[in-house]
Every structure is written in C-alpha cells, then in structure tokens.
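**Q** Fold the following.
(chains A and B)
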Amino acid sequence: MIIYLLCLVLFCEGIYCILRKRNIIKIIIGIIIAEYAVNLFFILVAYRKGGRAPIFSPDAQITNMVDALPQALVLTSIVIGLATTALLIAIAMRIYEKYGTFDITKIKELKG
Amino acid sequence: MKTISNIIPLFVIIPLASAFLIPLIGKKKKWICDLVGALTTFALAYLSVYAVHLTRMYPNLVYSVGAWKPPFGIAMVLDGLTVFMLVTVNIVAFTIALYSINYMEKFTSKWKFYTLFLLMLGGMNGVIVTGDIFNLFVFLEIASVASYALVAFGTEKHELEAAFKYAVMSTVGSLFILLGIVFLYSYTSTLNMADIANTLAGAGNPNIVVMISVLFIMGFGLKAALVPFHAWLPDAHPSAPAPISAMLSGVLIKSLGVYALCRIFYNVIGINPALSSILMFLGALSMVVGVFLAIGQWDFKRLLAYHSISQIGYVILGIGLGTPLGIAGGLLHLLNHSVFKSLLFLNSGAVEYSTGTRDLQKMGGLASKMPVTGTTSLIASMSIAGIPPFNGFWSKLIIIVAAVEAGRHGYAFWAVLASIITLASFTKVLKYGFFGTLKKKYEQIKEVPIFMKLSMIILAAICLVGGLLLLPEVNEVFLGKASNAISEGVNYGIMVLKDIK
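**A** Sure, this is the predicted structure:
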C-alpha cells in the first residue's frame, strides 16, 4: 500500500513543481517528475507479488505472472514524454534567446 | 465487409505518409509541398465523404490492426459519429491547405509547416477512428505535440510564450487522461473501448468509475478548453499562423476534446444524471464566460479565440442534455462552428496579410478594398451570431428548443443571452473592421491571392447551405446516424463486438 502512496506523493510533487515554480526549466522538470509518477503507477498496477515474466517454456511451471501489457504501454508513453520534453526544452531555449530570462514572471506579454 | 473495412486505416496512413514524404522531396521546391498538402487533404476529404456512403450499408465497420482480433488487438471503428467527425475535420483541413498555399509564402520553411500540419491531421483522424483507448491517447499526443510546434511556428516572443503555456497545460491534461486510462485498465483489464463498455455495463456503478470520470473531465476538458480549464486557448490560438488558428479553433479542440468526451462518457463509461449535469454546467459556464471575455477584445484573433470557448460551451450544453434532440443540436453546432470559426480565422489572416494588423481599432472600411474577405466575414459573423438562414441559427435553435423541452429553462435563457452578446460583439467586428470609413494608409491595399479567396468562398458556401443538413433525407444518412451513435450509449460495445466473433 505504501508504495502506491509514495507514487501519489511523487505525482503531487510534480504538479506542485509545475504550479509553484517560476523558472521555466524547473516547470519542465516538474512535468517530467509527474510523467514518471504516472508511468510508475502504471507499472505498479500490473505488478503481482513474486510474479515473473510471462514467457512460456516447457520446463517451467508458471503460477504467478506479471501483466506484460502495461510495460509495453509505458514504453510508448515514455517515448511520447521524450518528444514532449524535447519540444518544451527547444521552446525554452528560444524563449531565453528572446527574453534573456527563464523567469516566467518576467515573460508575460500576453494579457487580457 | 472484410475488404471494405480496409478504408479505415487510410485516414491515418495517408496524412502520416505525406508528412514523411514532404521533408524528403519538398525541401527545395515549394510547389511540391503545396501540391502534396492539397492533394493529401483532398483525398482525405473525398474518402470521408465516401465513408458517409459506406455507413448507409454497414452501420459499424471494424478494422483489426495487424489482424489481431478485438478485444486483444487494436481496433479501428467506423460508425455514424466517426464518419460525422471525419467529414468535419477533413473538409475544413482541405480548405485550410488551399489557404496555406498563398498565406504561408511569407514564412521561410514551408515544408516544416506542411509536415507538422499533416502530422496534426493524422493525429486527429487517428483519435476519431480508433476504438482502443490507449491508441486514442497516442494519437491525441501526436496531434498535441504537432500543435505545440505549430503555435510556436513564428518563433517570435508572443508565439513562444503562448506555445510554452499551451504545451505545459496541455501536457498536464494528457497526464490526467493517462492516469484515467491506467485506472480504467486496472479495473477492466482491457483497452478495447467496446470491451471496456461491456465490462463496465456488467459491473454496476463502482466508485472507481467516478474517479475515472473526474480525471477524464479534467483531461479532455482541458483539451476542449471548457471554462475552468480555458486559460491557454486565448493565448495559443491567436499566436499561431492564421491557417493553424483556424485548424486549432475549428477542429483540434473538437476532435481531441469534445469528440473524446462524447465517445468516452456516452459510449464507454455510460452517461448518468450526475455526469450529464456536470457537462451541462460546464457548457453553460463556458458559453457565458467566453462571450463576456470576448466582447471587450480589440485584437481580432483574440476575440475569435474567446468566442471559440463560448461556442464550445453550446456544443457541450447540447450534448450534455442527453436528449436525442439536444445531441443532434450539439453535433450540428460542432460542424457549423468548425466551418464558420475557421472562416473567421481565415478572414483575420487575410486582413493581416493585406494590412499587417490585427487590431480592430486600426482597421476600417476594408470591405470596399477587399470585397471577398468582407462578404465572407459578413456571412461568417451572421452565422456565428445565429441569424437565419445561416447554419449557426439552426443549430442554436435546436439546442435552445432541446433545453426547453428537457425542462432546463435556465440553460435555455443563458444560451439566448450568450447568443445576443455574440451578435453584439460581431457587430463591433464588422463596424470597426470591414465597414465605416477607410483609413488613409490602407487605400493601396489589394484583395488577397486566388487560393485564399477560393478557400474562404468554399467555407462561406458551406455556411449558407449548412441548414440543409436538417432536411429529413440528409439528416437520416449523416447527422441522424451520428446522434444515434451517441444516444445508443453503452450498446456501442455490443454493436462493435458482435461482428467479430
């Protein structure tokens, strides 16, 4: 049970980081943390205590298998996260070129 | 049945293949990009109209990706709602591709634009045709990531700021959607939407479904820019180049937000009175708040962006009512809004193309110099304000009548009020922008080039004839099928899976 709670704490930490931090890079790190928390949670959902990989072989009797599907899905989700992060960092670099700062309180030309 | 369903993956394959092709062959010569972009979107528009014809014979077509039978493999489903959305998205995309031929000349790398545009289109079509919930998430992310890049396309100060804000908020929305999918998978042990529907229908109404519903309302509500989650839209949509603003406001928020909400809440989880009233409340709130924020704006595109929030409110209100009439009205308004809002954004792009400004106070009398832009924007403004006989009138009328019929007089009142304020704010646009006296410095401006005119005229023609969709013969094959697909509710699961076994 405690591991699920820790996972929730990690997710909340990411969300807190996105909401409260002023530095663009820290916001991006917050997104990464929250993303990892969700991925970790997906893996935990599929985990069975003492389970093994679901590979059938003639000599081994499989009694307790880990669900393999979420692992494949999380792999996809990690790749998507990589694409998002790369784009965010590219935008952050361009913002630094234009504004000369990473502080979002100084980057607010759009209003109304 | 078997071979005919091979049409379904084409909606995803064609745009993705063209997006891959353009960087290979179109880097040097701009006309190749234009040609590939226009041909691809035309082929998709043609295919989607052909799919309308298909659904008359086969109400539910299912394609199994990689020949893995659902519920184990990924399924792609073509039913009434899917076809309706495909037609909306692809026709608008075709006119926008035509428009971009001239408009995007002033940007340096046209091939990058077309690549991202087609990726976004592929993602949207994927979200619409897929019958697998994780696949939906993947396509949703493809469309979103392409749209972040497109918002930042100009790489000026404002564009970058808006793109960053949009990317951060939208990524958080995606995280909530993914979390919802995780809970759904852990409870039902399947990812196929039809199978989930069947499993949940047999399970009663457990508490975890409430949790999942909340996560999905946050996630998809953020993608659809419903009011508490709308903050990114008025920055992101005006900052993109005009064709992309049209695409984002016209179809992206609908296919990623509204379509996914309808599909999941009506066909997968199953609607209940609590969800229905949440949807109606969010819809009415967006409707009123959006229009009040819009009326004070002087930036043409920002005003239009706020109106998108308001009009999405109408769609959600109509669909949230849950009565067949309300759903039909909501869907018709979805189609109409994607047509006239795209047209208005294209108009704003045409004005910017000729005069270089988006500020309504600096314009004036442009209709005399730009007759096509002036006339089409008049048509679009009257459509969005709900003046008969334009298409916006019919859908708003149906939504209001449905609200009264369902006994929701309060919501009907707010819908009428929002409509009146919409009329007021577009009177302002026309008065300051297109009529009145022509400013001295704009005496030399010219009308926009041919392809921009053509695409605006096509969309204006659709605005004029949009009401004809309600004719009984047309309604039966197109709109009626779509609203039936939603009203069927969780029977969707049985309908989709019955032909498989």
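**Q** so how far is the helix or strand where B:V351 lies from its chain's centroid?
**A** Using DSSP states H and E, B:V351 falls within helix B:324-355. Using Cα atoms, centre = their mean, to the nearest Å, we find the averaged C-alpha position of helix B:324-355 to lie 9 Å away from the chain's own average C-alpha position.
**Q** Over to stretch A:95-111?
**A** 26 Å.
**Q** is it anywhere near chain B?
**A** Yes - counting by Cβ under 8 Å from any Cβ of the partner chain, chain B has neighbours in stretch A:95-111: A:I95, A:K98, A:Y99, A:I107, A:K108, A:E109, A:L110. In short, each C-beta sits where N, CA and C put it, glycine included.
**Q** Sitting in helices, which of the residues you listed do you find?
**A** A:I95, A:K98, A:Y99 (DSSP state H).
**Q** so what does the helix holding B:V351 touch, helix or strand wise?
**A** When contacts are defined as 3 or more Cβ pairs under 8 Å, 6 or more residues apart in numbering or on different chains; DSSP states H and E, helix B:324-355 packs onto helix B:80-103, helix B:242-247, helix B:300-321, helix B:366-369, helix B:371-385, helix B:391-405, helix B:450-465, helix B:479-487.
**Q** Include mean pLDDT, distance to chain A and mean neighbour count when you put the ones you listed into TSV, please.
**A** Conversion of those to TSV gives the following (pLDDT from 0 to 100; distance: least, Cβ to the nearest Cβ, whole Å; neighbours: other Cβ atoms under 10 Å in any protein chain shown):
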stretch	mean pLDDT	distance to chain A	mean neighbour count
helix B:80-103	94	22	26
helix B:242-247	93	14	28
helix B:300-321	93	7	28
helix B:366-369	85	23	19
helix B:371-385	92	21	24
helix B:391-405	93	26	23
helix B:450-465	93	27	20
helix B:479-487	89	27	22
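**Q** Quick check: phi and psi on B:L61?
**A** Main-chain torsions, B:L61, degrees, to the nearest 10: phi -100, psi 140.
**Q** What separation do you get for it and chain A?
**A** Here the distance between B:L61 and chain A works out to 26 Å (Cβ to the nearest Cβ, to the nearest Å).
**Q** List buried residues within the residues of stretch A:95-111 next to chain B.
**A** By the neighbour-count criterion of 16 or more other Cβ atoms under 10 Å in any protein chain shown, those include these buried positions: A:I95, A:Y99, A:I107, A:L110.
**Q** In contact with the residue nearest to the second one when sequence neighbours are not counted, which residues?
**A** Spelled out, it's A:Y99. Closest residue to A:Y99 apart from its sequence neighbours, by Cβ to Cβ, 6 or more residues apart in numbering or on different chains: A:I107 at 5.3 Å. Contact analysis of A:I107 by Cβ atoms under 8 Å, 6 or more residues apart in numbering or on different chains lists A:I24, A:I95, A:Y99, A:T101, B:E161.
**Q** what number of residues lie near the closest residue to B:T373 other than its chain neighbours?
**A** In space, and not counting its chain neighbours, B:T373 is closest to B:A350: 4.5 Å by Cβ to Cβ, 6+ apart. B:A350 is surrounded by 28 other residues when neighbours are defined as other Cβ atoms under 10 Å in any protein chain shown.
**Q** so B:A350 touches B:V448, yeah?
**A** Yes - between B:A350 and B:V448 there is a contact under Cβ atoms under 8 Å: 4.6 Å.
**Q** Look up how far A:I43 lies from the residue nearest the centre of chain A.
**A** For chain A, the residue sitting closest to the mean C-alpha position, by Cα atoms, centre = their mean, is A:E35 at 1.7 Å. Spatial separation of A:E35 from A:I43 under the definition Cβ to Cβ, to the nearest Å is 13 Å.
**Q** what do you get for B:I494?
**A** Distance of B:I494 to A:I43, computed by Cβ to Cβ: 32 Å.
**Q** quick one: which of those two has more around it?
**A** A:I43 (16 against 13).
**Q** what about the residue nearest to B:V65 when sequence neighbours are not counted, distance to B:M193?
**A** Of all residues not flanking B:V65 in the chain, B:I74 sits nearest, at 4.2 Å (Cβ to Cβ, 6+ apart). From B:I74 over to B:M193 the distance is 11 Å, taken as Cβ to Cβ.
**Q** low pLDDT regions in the chain?
**A** By default, I'm working from chain A. When the per-residue scores of chain A are filtered using pLDDT under 70, the ranges that remain are A:111-112.
**Q** wait, chain B
**A** Residue ranges of chain B with pLDDT under 70: B:1-2, B:499-501.
**Q** Show me which residues of it sit near chain A.
**A** Among all residues of chain B, those adjacent to chain A (criterion: Cβ under 8 Å from any Cβ) are B:134, B:137-138, B:141, B:145, B:148-149, B:152, B:155-158, B:160-165, B:167-168, B:171-172, B:174-175, B:178-179, B:182, B:185-186, B:189, B:191, B:234-235, B:239, B:296-297, B:299, B:302.
**Q** about what we covered before: want to throw the helices and strands packed on helix B:324-355 into JSON lines with distance to B:D34?
**A** Shown next, in JSON lines, are the helices and strands packed on helix B:324-355 (distance: least, Cβ to Cβ, whole Å):
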{"stretch": "helix B:80-103", "distance to B:D34": "5"}
{"stretch": "helix B:242-247", "distance to B:D34": "12"}
{"stretch": "helix B:300-321", "distance to B:D34": "24"}
{"stretch": "helix B:366-369", "distance to B:D34": "26"}
{"stretch": "helix B:371-385", "distance to B:D34": "20"}
{"stretch": "helix B:391-405", "distance to B:D34": "29"}
{"stretch": "helix B:450-465", "distance to B:D34": "9"}
{"stretch": "helix B:479-487", "distance to B:D34": "33"}
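**Q** Of all those helices, which one is nearest B:I13?
**A** Relative to B:I13, the nearest member of the helices and strands packed on helix B:324-355 by Cβ to Cβ is helix B:80-103, separated by 13.9 Å.
**Q** list the helices and strands whichever helix or strand comes after the closest one packs on?
**A** Beyond helix B:80-103 in the direction of the C-terminus, DSSP H and E gives the next helix or strand as helix B:110-129. In terms of contact count using 3+ Cβ pairs under 8 Å, 6+ apart, helix B:110-129 is assigned the packing partners helix B:10-25, helix B:30-57, strand B:75-78, helix B:80-103, helix B:133-151, helix B:242-247.
**Q** Would you mind giving the ones you listed as a markdown table with distance to B:G66 added?
**A** A markdown table is the format used below for the helices and strands packed on helix B:110-129 (distance: least, Cβ to Cβ, whole Å):
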| stretch | distance to B:G66 |
| --- | --- |
| helix B:10-25 | 13 |
| helix B:30-57 | 21 |
| strand B:75-78 | 11 |
| helix B:80-103 | 20 |
| helix B:133-151 | 12 |
| helix B:242-247 | 30 |
